[in-house]
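Participant: Here is my input, please return the structure:
(chains A, B, C and D)
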2 protein chains.
Amino acid sequence: MHERFAAKRPATVADVAAAANVSKAAAARALGGYGSVSSAVKLKVLEAARRLDYRPNELARTMATGRSGTIGVIIGDIENPFFGSAVRGLSDCAAQSGFDVILSNSDETIATERAAVAVLLAKRVDGLIVAPATMHDKAHLEDARAQGCPLVLLDREAPGLLVDVAIVNNQEAARDATQLLILADHRRIAYVTATAAADVSYESPEQIALATVRSRITGFLEASTLAGLPEPGRYIRLGANNTATAQAIIADLLSAPDRPTAIVASDSKIALEVFRAAKGLGLAIPRQLSLVAFDDADWTSVVSPAVTVVAQPSYQLGFEAARMLIERIGGTRTEPRRCILATTLIKRESTASPPMRGDF
Amino acid sequence: MHERFAAKRPATVADVAAAANVSKAAAARALGGYGSVSSAVKLKVLEAARRLDYRPNELARTMATGRSGTIGVIIGDIENPFFGSAVRGLSDCAAQSGFDVILSNSDETIATERAAVAVLLAKRVDGLIVAPATMHDKAHLEDARAQGCPLVLLDREAPGLLVDVAIVNNQEAARDATQLLILADHRRIAYVTATAAADVSYESPEQIALATVRSRITGFLEASTLAGLPEPGRYIRLGANNTATAQAIIADLLSAPDRPTAIVASDSKIALEVFRAAKGLGLAIPRQLSLVAFDDADWTSVVSPAVTVVAQPSYQLGFEAARMLIERIGGTRTEPRRCILATTLIKRESTASPPMRGDF
DNA sequence: TTGAAAGCGCTACCAC
DNA sequence: GTGGTAGCGCTTTCAA
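Facilitator: Okay, here's the model as predicted:
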């Protein structure tokens, strides 16, 4: 351990050039693999580089070229399996094209999201993938574009923002899921979702700032209305953002006298709490309570009964978002595209007809 | 939409200086908040900056100062909930100190890991957090340090690498879990783990390149040997890296005539497959098969029976790793530290005594 | 307090 | 094919 000054100054192009007895420009060309160099020079330079353990400084390269080889990603929460998988997808796609990913959590908070955009822009990422926390506040996204930074929206649209998006058809997915329940004769169907909301009860679409949530509720209401269900919005519950509030909301819902006979859970975490609550209250699924959940979380196919789910192609969503972004970075200036991936309604064992027919 | 050239060149310090009628140096000082500037100048500069929508270029700043405000993170797979949570923890900690996180997946592959280190070093990250894919190949980690880049190991040690680590005591955790089973009179206990291996059967510790896996197997064997179990290694199965192989391994294990009466699953994904297999084979848990799993995945407490688990503090692991790293970046040159966090054995319903006593 | 100028490490342009 | 040189946008001496 006598190497107290282990951290010696890394070798630069200039060092290599000197060691190889060529000009800086020649060395740079040999090292960077551009322009033209005689093979003799190239050999000398590469040899010197190896000897000096030369590593290019990406930063300097970025400053000179304007390209960083990095894409910035802003999502709500990496702990959410949906985003975990989406990030994996976009990382894989980015890696294939030689891009790195710099990741930020917005905590579904607009202030944090705004700050993250600023930082990533300052770091001169080549492009941005964002799952916006709200569809309203989009000035920061607009000026990313204004600064010439390509942008792709992931999972969530922001109406009026003319950029590429990778999404699913949430309205249709929610409608189909609800219809499955309606076809089984359910007439009291609840919809439980996480989303920032002043109150847990539902008033109107304007109340909802998250594009996905709004679309799903629209789909849910569409199916309900079509089937002539009375007051279709009365069983919609917002704000199930964490375990505790989700539990409270579900308990409240299930202990009411005219409790719903079926629940649509807007994500797997909520579904888990429905499962737990049903167990606790002694309600048998699906005999006394039907359940359909968004996201095909790994556990849903293993529990008894296995949960009927709306599977979302989260990995592909991320992958496609990255693909579109990288294409943009490549320079193609075309119309904004909407990549809409299909969801799959996987029928399993958690849905059946309600216990008492002719209830009304 | 007449702004076809929306992407106009962003304002620089020079632009601001010109607009404010001061020198570049003065503007830079006002903007960067260092050195000394008269409040008159400061005001003019800040006003001009606002008018021109000036945003500092972090890259240029990094080139000049040598600090990037970014830490690089290399993990096996962000889709793994354990890492998802760890990344969340380290992101949160990093954000608190104003650092950004640039994330790479190694796919548990040494070549990819090596490449990732090179890239992150080239991007001049201020420090590195790595969950090394193997304890053997550590040259790339060593020369990160040699280049003066602080390094912290996450979840997995690499013997001989004298750097900070944030880990749990896997050996102890596995020993305790195994002993729980032994105390319940199990004598045929299997250990199923994911890890790169030529063969699924276990020969010796040297075969295992992943620090965590090796420690856990050591703990498992320790408890087994202590209890005088015959051939304690015979039910160890390696290579359960994905759903398909995990299923095959478990099916093989459970359909043998002298099948184990208990299984220790090395992660929640494997536990899920054990659950699935037991269901498929008609084996009742815990009556006919006991199960203990590493990682307190959300579903483990909801299924019937609820799964006994070794809970790992994954979020904290990430958080502490980042904390130590940032301290290092701060400059404190001290001895390498080992941050060892406690696991918790959570007893639930998936463990009981084996069906037939006096079996041997 | 202020301004001029020298880098940071690389690319890219332009003569030779 | 090769070498000089002017930037990229910022920080940081150093004199004034």
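
Participant: How about the residue positioned nearest the centre of chain A, nearest residue that isn't a chain neighbour?
Facilitator: In chain A, the C-alpha nearest the mean C-alpha coordinate belongs to residue A:83, at 4.4 Å (Cα atoms, centre = their mean). Spatial nearest neighbour of residue A:83, chain neighbours left out: residue A:75 (4.6 Å); criterion: Cβ to Cβ, 6 or more residues apart in numbering or on different chains. The C-beta positions use only the backbone N, C-alpha and C, and glycine is treated the same way.

Participant: That neighbour bridge partners, please.
Facilitator: Following DSSP bridges, residue A:75 is listed with bridge partners residue A:105.

Participant: Tell me the pLDDT of it.
Facilitator: In the prediction, the pLDDT value recorded for residue A:75 is 96.

Participant: Mind jotting down where the strands sit in chain A?
Facilitator: Remark: strands of chain A, listed N- to C-terminal, are A:70-75, A:100-105, A:127-130, A:151-154, A:164-168, A:189-192, A:236-237, A:262-265, A:290-294, A:308-311, A:338-341, A:344-346; assignment by DSSP state E.

Participant: Looking at those, spot the one closest to residue B:161.
Facilitator: Closest of the strands of chain A to residue B:161 is strand A:100-105, at 24.1 Å (criterion: Cβ to Cβ).

Participant: list the helices and strands that closest one packs on?
Facilitator: strand A:70-75, helix A:81-96, helix A:110-122, helix B:81-96, strand B:100-105 (3 or more Cβ pairs under 8 Å, 6 or more residues apart in numbering or on different chains; DSSP states H and E).

Participant: now do 7 Å
Facilitator: strand A:70-75, helix A:81-96, helix A:110-122, strand B:100-105 (3 or more Cβ pairs under 7 Å, 6 or more residues apart in numbering or on different chains; DSSP states H and E).

Participant: Format the strands of chain A as JSON lines; extra columns: mean neighbour count and distance to residue A:112.
Facilitator: As requested, the strands of chain A are arranged in JSON lines below (neighbours: other Cβ atoms under 10 Å in any protein chain shown; distance: least, Cβ to Cβ, whole Å):
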{"stretch": "strand A:70-75", "mean neighbour count": "27", "distance to residue A:112": "9"}
{"stretch": "strand A:100-105", "mean neighbour count": "23", "distance to residue A:112": "8"}
{"stretch": "strand A:127-130", "mean neighbour count": "26", "distance to residue A:112": "12"}
{"stretch": "strand A:151-154", "mean neighbour count": "26", "distance to residue A:112": "16"}
{"stretch": "strand A:164-168", "mean neighbour count": "25", "distance to residue A:112": "21"}
{"stretch": "strand A:189-192", "mean neighbour count": "26", "distance to residue A:112": "25"}
{"stretch": "strand A:236-237", "mean neighbour count": "23", "distance to residue A:112": "26"}
{"stretch": "strand A:262-265", "mean neighbour count": "30", "distance to residue A:112": "26"}
{"stretch": "strand A:290-294", "mean neighbour count": "26", "distance to residue A:112": "24"}
{"stretch": "strand A:308-311", "mean neighbour count": "23", "distance to residue A:112": "28"}
{"stretch": "strand A:338-341", "mean neighbour count": "14", "distance to residue A:112": "26"}
{"stretch": "strand A:344-346", "mean neighbour count": "14", "distance to residue A:112": "33"}
